[in-house]
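Engineer: sequence isn't available, so here's the structure alone:
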């Protein structure tokens, strides 16, 4: 997850597991979730920012999310925007009892530890 905003974000996952991830501005996180379908909600502490709500199906694969804030007063190309998040990826959470994991600090991809 790349937080490409100047805001702290809370990301809620509701599904086979119910979890909350907190991500600081312009930072990168990786997380391991159980397979299944999740509802996602993302909120920021500013009342001027509309929350995001969506769904995702996770099935044993790596997936990346990049969160941005689109401002209606700015004319931007919304489809060719790269991440403004910086630093290394850190592993924010993994399911209890799932064993050890490691995160590639450059790409964010998580693999099982040997």
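Structural biologist: Right, received. Where do you want to start? None of these values were measured; they are calculated from a predicted model.
Engineer: from here on, just use CA atoms for contacts and neighbour counts.
Structural biologist: OK.
Engineer: what strands line up against the helix or strand of the chain with the lowest mean pLDDT, and which way round?
Structural biologist: Using mean pLDDT, DSSP states H and E, strand 66-67 stands out as the lowest-scoring helix or strand of the chain, at a mean of 82. With DSSP bridges as the test, strand 66-67 is paired with strand 2-3 (parallel).
Engineer: in the helix or strand just after the least confident helix or strand of the chain, what counts as buried?
Structural biologist: Moving toward the C-terminus from strand 66-67, the next helix or strand (DSSP states H and E) is strand 90-93. Residues 90, 91 are the ones in strand 90-93 that count as buried (16 or more other C-alpha atoms under 10 Å).
Engineer: swap in stretch 55-69?
Structural biologist: 67, 68.
Engineer: and the contacts of that stretch?
Structural biologist: 1-5, 33-40, 49, 83, 109-110 (C-alpha atoms under 8 Å, 6 or more residues apart in numbering).
Engineer: can we see that at 7 Å?
Structural biologist: The contact list for stretch 55-69 (C-alpha atoms under 7 Å, 6 or more residues apart in numbering) reads 1-5, 35-40, 83, 109.
Engineer: same thing with stretch 103-114?
Structural biologist: If you take C-alpha under 7 Å, 6+ apart as the criterion, stretch 103-114 is touched by 30, 62, 88, 89, 90, 91, 100, 101, 102.
Engineer: among these, which pair sits farthest apart?
Structural biologist: For the contacts of stretch 103-114, the maximum inter-member distance is 19.1 Å, found between 88 and 100 (C-alpha to C-alpha).
Engineer: ok, those two, which is more surrounded?
Structural biologist: For the pair residue 88 and residue 100, the greater number of neighbours falls to residue 88 (15 against 12), based on other C-alpha atoms under 10 Å.
Engineer: phi, psi for the more buried one please.
Structural biologist: When read as degrees, to the nearest 10, the backbone of residue 88 gives phi -90, psi 150.
Engineer: name the nearest residue to it, sequence neighbours excluded.
Structural biologist: residue 105 (4.8 Å; C-alpha to C-alpha, 6 or more residues apart in numbering).
Engineer: before we move on, back to that, export the contacts of stretch 103-114 as TSV, with columns for pLDDT and distance to residue 17.
Structural biologist: Listed next are the contacts of stretch 103-114 as TSV, based on pLDDT from 0 to 100; distance: C-alpha to C-alpha, whole Å:
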residue	pLDDT	distance to residue 17
30	93	16
62	78	17
88	92	26
89	91	22
90	92	20
91	91	17
100	88	18
101	90	18
102	90	20
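Engineer: please consider this matter closed, and thank you.
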